[in-house]
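Asker: got a sequence here, can you model it:
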Amino acid sequence: MAHQFPYDADMTPTDLRLNISEINRRIRAAECAADRPPGAVSLLAVSKKKSTELIRWAHQAGLSDFGENYAQEMAEKAAQLADLGLTWHFIGPIQSNKTRLIAEFSDWVHSVDRLKIAQRLSDQRPSEKGPLKVLLQVKTSDEASKSGVQPDALKTLIDAVETLPNLQLKGLMTIPASSAEPAAQRVPFRHLRTIQQSLIGGNPELAILSMGMSSDLEAAIAEGSNLVRVGTDIFGARYN
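Answerer: Numbers count the residues shown, from 1 in each chain. Alright, predicted model coming up:
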């Protein structure tokens, strides 16, 4: 039987709609401040450790893309919410023994950082679902806890991933070290954008930059992000 996921009992559908409206306002304001066209940046709602009820409310408020960090949790939610036609993004570290679930239930994977994982995802992707859209996670800080391919190894990984029949390379992702200073926040995002621009001539499929979260989305958008991943400022804090 599917797990029941905890949620903030004080959250109401109205609260959720207001939160989503505020995040969309921040995104549009950041686009304007960076002289980018309205709608240049997409919102991914990070729903890990949040209930299917909250996700249904978020969908009713206009969201259709949801990000999860744990393969089993994503698979269960995808099954329970299959009637909504949601788009599922896997955004967490990938263990080899979880690739089958990820390949079967996700539409996007943001956190591919080594060829072994990419090969398993391609091999295990159900043919009837079409290619799995993937982003390569790039390490832009020295934190040992952060996953990602080193920038100097990225081109080799790109070339290898492009040969895998059931994957479709779409772009790059990063999770930098946290900082409260906007100028410092921008540095790793600028680094990833510079890497993207150096590669995109020969790799036009690298159009997506998945970077920026609740606390630093303005800095990410200023540096070229076109997909921000927001959890706390939509759903509230997690209890885990």
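Asker: quick one, helices of the chain?
Answerer: Here the chain has its helices, by DSSP state H, at 13-33, 52-60, 71-80, 99-105, 115-124, 154-161, 182-199, 217-222, 232-235.
Asker: how about those, which one is nearest L167?
Answerer: helix 115-124 (4.9 Å; C-beta to C-beta). (Glycine included, C-beta is placed from N, CA and C.)
Asker: which strands and helices lie in contact with that closest one?
Answerer: Helix 115-124 sits against helix 99-105, strand 108-112, strand 132-137, helix 154-161, strand 167-173, with contacts defined as 3 or more C-beta pairs under 8 Å, 6 or more residues apart in numbering; DSSP states H and E.
Asker: output that helix as CSV, nothing but the C-alphas.
Answerer: The C-alpha trace of helix 115-124 is given here as CSV (Å, rounded to 0.1, in the frame of the first residue of the first chain):
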residue,chain,number,x,y,z
LEU,A,115,27.9,7.6,-17.6
LYS,A,116,27.0,4.5,-15.6
ILE,A,117,23.7,6.1,-14.4
ALA,A,118,22.9,7.5,-17.9
GLN,A,119,23.4,4.0,-19.4
ARG,A,120,21.1,2.4,-16.9
LEU,A,121,18.4,5.0,-17.4
SER,A,122,18.5,4.5,-21.2
ASP,A,123,18.5,0.7,-20.9
GLN,A,124,15.6,0.7,-18.4
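Asker: show me what counts as buried in that helix.
Answerer: L115, I117, A118, Q119, R120, L121, S122 (16 or more other C-beta atoms under 10 Å).
Asker: is it possible to export the residues you listed to a markdown table including distance to T232 and pLDDT?
Answerer: What follows is the buried residues of helix 115-124, written out as a markdown table (distance: C-beta to C-beta, whole Å; pLDDT from 0 to 100):
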| residue | distance to T232 | pLDDT |
| --- | --- | --- |
| L115 | 33 | 97 |
| I117 | 27 | 98 |
| A118 | 30 | 98 |
| Q119 | 34 | 98 |
| R120 | 31 | 98 |
| L121 | 28 | 98 |
| S122 | 33 | 98 |
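Asker: quick one: which of the residues you listed is nearest to Q80?
Answerer: Taking C-beta to C-beta as the measure, L121 is the one of the buried residues of helix 115-124 closest to Q80, at 23.0 Å.
Asker: name the nearest residue to that closest one, ignoring sequence neighbours.
Answerer: Closest residue to L121 apart from its sequence neighbours, by C-beta to C-beta, 6 or more residues apart in numbering: A103 at 4.9 Å.
Asker: what pLDDT does that neighbour get?
Answerer: A103 is assigned 98 on the pLDDT scale.
Asker: try the one 10 residues further on
Answerer: In this prediction, D113 carries a pLDDT score of 96.
Asker: for it, which residues are in contact?
Answerer: When contacts are counted by C-beta atoms under 8 Å, 6 or more residues apart in numbering, D113 touches I94, L136, Q137, V138, K139, S147, G148, V149, L157.
Asker: returning to that earlier point: TSV for the helices of the chain, including distance to L44?
Answerer: What follows is the helices of the chain, written out as TSV (distance: least, C-beta to C-beta, whole Å):
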stretch	distance to L44
helix 13-33	11
helix 52-60	11
helix 71-80	13
helix 99-105	16
helix 115-124	19
helix 154-161	21
helix 182-199	16
helix 217-222	11
helix 232-235	10
